[in-house]
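S.K.: Fold the following.
(2 chains)
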Amino acid sequence: MKSIGASAARNELESRHRDFFERGFMLALIFSLGIGIIALVTLILQVLVEGFPRLNSELLTNFPSGNPEIAGAQSAIMGTIWVIGVTAAFTIPVGIGAAIYLEEYADKERWWNRFIELNLQNLAAVPAIVYGILGLAFIVRGFLGLGQTVLAAGLTLGLLVLPIVIISSREAIKAVPDTIRQGAYALGATRWQTVRRQVLPASIPGIATGTILALSRAIGEAAPLILIGGLTFITFNPESVNSNFTVLPIQIFNWVSRPQDEFRVLAAAAIVVLLVILLAMNALAIFLRNKYQRKY
Amino acid sequence: MARKVEGTTMTEENQAQVTPMQQIEPQHHADKAPRESLVTVDDVTVKYSGSTAVEGVTFDIATNEITALIGASGCGKSTLLRCINRMNDLIPGAEVTGTINYKGVDLYGEKIDPVQVRKLIGMVFQKPNPFPKSIYDNVAFGPRVLGIKEDLDEIVEKSLRRASLWDEVKNRLNSSALGMSGGQQQRLCIARAIATSPDVILMDEPCSALDPISTGRIEDLMEELKTRYTIVIVTHNMQQAARVSDKTAFFTVNVNEDDKRFGQLVEFDDTEKIFTNPSDQRTEDYVTGKVG
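M.R.: A predicted model of the protein is given here:
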C-alpha cells in the first residue's frame, strides 16, 4: 500500500459523494412513507368532519330509512357482526388445521403438497369479486343452495380469507424452534401431543394476530357480498344464520350512491364506525402479539 | 481397521457371556467386574438420503456405566447417538441398517413403536431446550404425555432433586424456565428426561453451550446419575470423556471413493485404556492432540 499525504487522506476520508446518496435515499424513503400517512390522515379527517353531525347514538340504534333524518345503521352493524362471526367460526379451525397439516404432517417431498403450497399463494391473490362469483355459484345457489343468508355470506368471506389465515398460521408454526419439537419427541410424546401441547400453545399469539388481520380484511369487503345478494335496505337484525342480511360496507355503498347530501353525511358517519371497528381489531392483534411475544 | 473393531466387539461379547453367572451375586461392589450389556449396537450404518453418515458401528453399552462417544466433527457420533432412541426417524430421508438391541429386543423391529422407545431411552440435547413454560410444567410434561395425573408434584420434586436443581428452584416452580441460566436450563432438561423414568439417558454434547462451572456441575451430576441410569454421552471435550466415562468409543472421519466423508468407529474400550494405551495409532494421535 502506498503512503498518502494528509490532504489526500482527508479527501479519502471525507467521502461527500456517499453522503449525498445517503441523504437522497433517506429523503426518498421519508417521501414514500409520507404519501401513505398523509393519504390516511386526510381520509380519516375528511370522514370525521363530514360525518360528525350524524355521529350519534341514533346511527347505532336506528334502522335504515328513506328519511335521512332518522336513518341508522343498526341492521348493518349487527349484520357485520353476524357475518364475521360465521366467517371466524368457519375459517379459524379450518385454517389452523390446514396450517398444522402443511407444517407438521405433510411430506414436503411429495408433489401434491408442494402444489397445494404454491396454490395457497395464488389463492391469496385472487380478487375478492371472484370469490363472490364462487359464493354465488356454489354456496348461495348450486351445490350448497343456502340462499342469500348470513351463513352463505360468512362462508364466502371465509373462503376469501382462508388462504391468508393458513399462510399466517404456517408462519407462526414455523417460527416455533425445532428444538422444542425435538425435546417433546425425546420425552416420548406422539406427534399429536407435540403439536397440541407444545407447538400450538407457542404459536397461538402469531396465529391470533394473523387471523384477526385476515378477519379485519373480511369486514371491509363489499364486492363479494353485493354479488351474493347482501341486501341494501334491511330494517331488521339477523335472527339466525339463515336470515337475510346487510353489512356496513354495503350500507355505506348504498348511502353514498343516493342523490341527497344528507345520506352522504350518514355514509361518512358509517365509515367512521367501520374504521373504529377495524382499528379496534388491529389494536387487539398488536396487543396480543406484544403480550405473548416469546423469546426462545 | 475393521478387524480392530471386530476384535473389540469380541471382547465385549465375551464379557456379556460372563455376566449371567455374575448376576447371582450383588454387582454394585464389583468395580472392575464386567457389567451386563443393556444396549448392543451391531454393524449399524446410517444414511441420509442415500449418502452414508456413519458406517458399520459395533459396540455394547453396559448397565450403569457412562459410555462416551468421541471424535472430530462429522464423524457420525451424534448421528449414531440419535439412532439409539430412534430420533433419526424424524429426519426425512434417514435410513438405519444393522441392529440395535435393548435388553435383547431389536429397537428397529417391525412392531416397535418409536414413541415407546423414547420413553425408555431419554435424551438431553446440545443446546438447553426448555419448553417456554413454567419449570414445573417442563418437568411434568413427560409424565403427562404418559397419562400420569396423580403424584405429579412428587415426580417433579424427585426429578428436580436427582438433577440437583431442587434447592435452586423450589420457590419458583411456577416461573418461566426461560428465565434460568444456561446451566440451570440444562439441568432442568436432565430433570425433564428423568421424570419419565427412563433406563438410558443419551446426552448429545450436553455441556458445549455451558461455562466451566456449569459443566463441572453437570459432570458431577452424571456421576450421581449413573447409579440409577445408563448414560451415553457424545462430547467434543476429550478431558470430559476422560473424567466422566467408563468406556469410550473413538470415531473418525473417512473418505470413500466418491470423495464423500463418512464416520467410522476406530476403537472401543475402557476409557482408561483409550487414553493411556490405545491400540490404534489414530486414537493415540487424537487423544494426545496430534490431530483434531
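S.K.: any weak-confidence spans in chain B?
M.R.: B:1-35, B:291-292 (pLDDT under 70).
S.K.: show me where it has helices.
M.R.: B:2-23, B:77-84, B:114-120, B:135-145, B:152-162, B:166-169, B:182-194, B:212-225, B:238-244, B:271-276, B:281-287 (DSSP state H).
S.K.: Off-centre distance for the third one?
M.R.: Okay, so that is helix B:114-120. Chain-centre distance of helix B:114-120: 15 Å, with Cα atoms, centre = their mean, to the nearest Å.
S.K.: got the contact list for it?
M.R.: By Cβ atoms under 8 Å, 6 or more residues apart in numbering or on different chains, the residues outside helix B:114-120 that reach it are A:185-190, B:85-87, B:89, B:102, B:107, B:142, B:146, B:196, B:198-200. For the C-beta atoms, the positions are set from N, CA and C on the backbone; glycine is no exception.
S.K.: Now with 10 Å, please.
M.R.: Applying Cβ atoms under 10 Å, 6 or more residues apart in numbering or on different chains, the contact partners of helix B:114-120 are A:184-191, A:193, B:84-90, B:100, B:102-103, B:105, B:107-108, B:113, B:142, B:145-146, B:196-200, B:202.
S.K.: With the last one instead?
M.R.: Contacting residues not belonging to helix B:281-287 are listed as B:1, B:4, B:70-72, B:75, B:238, B:241-242, B:248, B:250-252, B:264, B:266-269, B:273-278, B:280, B:290-292 [Cβ under 10 Å, 6+ apart].
S.K.: Once you drop chain neighbours, what's closest to residue A:218?
M.R.: residue A:157 (4.3 Å; Cβ to Cβ, 6 or more residues apart in numbering or on different chains).
S.K.: who's in contact with the one you found?
M.R.: A:83-84, A:86-88, A:90-91, A:128, A:131-132, A:135, A:214-215, A:217-219, A:221, A:224-225, A:228, A:247.
S.K.: Could you do residue B:166 as well?
M.R.: Per Cβ under 10 Å, 6+ apart, neighbours of residue B:166: B:156-160, B:173, B:191.
S.K.: cutoff 6 Å now
M.R.: residue B:160 (Cβ atoms under 6 Å, 6 or more residues apart in numbering or on different chains).
S.K.: For residue B:140, see how far away it is.
M.R.: 14 Å (Cβ to Cβ, to the nearest Å).
S.K.: Please tell me how far residue A:290 sits from chain B.
M.R.: 16 Å (Cβ to the nearest Cβ, to the nearest Å).
S.K.: So that residue, which state does it fall into?
M.R.: Assigned with DSSP: H, G, I helix; E, B strand; the rest coil, residue A:290 falls in the helix class.
S.K.: Determine the number of other residues adjacent to it.
M.R.: When counting by other Cβ atoms under 10 Å in any protein chain shown, one arrives at 10 neighbours for residue A:290.
S.K.: Same check on residue A:62?
M.R.: Residue A:62, neighbours per other Cβ under 10 Å, totals 17.
S.K.: What ranges does the stretch 51-200 of chain A have for its helices?
M.R.: A:57-61, A:74-100, A:111-125, A:128-134, A:150-174, A:178-186, A:191-194, A:200-219 (DSSP state H, counting those that start in this stretch).
S.K.: Which residues of the stretch 1-150 of chain B lie near chain A?
M.R.: Contacts of the stretch 1-150 of chain B with chain A, taken as Cβ under 6 Å from any Cβ of the partner chain, map to B:115, B:118-119, B:123, B:129, B:131-132, B:142, B:145.
S.K.: Apply 10 Å and report the result again.
M.R.: B:49, B:82, B:85-87, B:89-90, B:92-93, B:113-133, B:137-138, B:141-146 (Cβ under 10 Å from any Cβ of the partner chain).
S.K.: picking up where we left off before, among the contacts of residue A:157, name the buried ones.
M.R.: If you count burial by 16 or more other Cβ atoms under 10 Å in any protein chain shown, the buried members of the contacts of residue A:157 come out as A:83-84, A:86-88, A:90-91, A:128, A:131-132, A:135, A:214-215, A:217-219, A:221, A:224-225, A:228, A:247.
S.K.: Which helix or strand in chain A has the lowest average pLDDT?
M.R.: The weakest-scoring helix or strand in chain A, judged by mean pLDDT, DSSP states H and E, is helix A:6-13 (a mean of 77).
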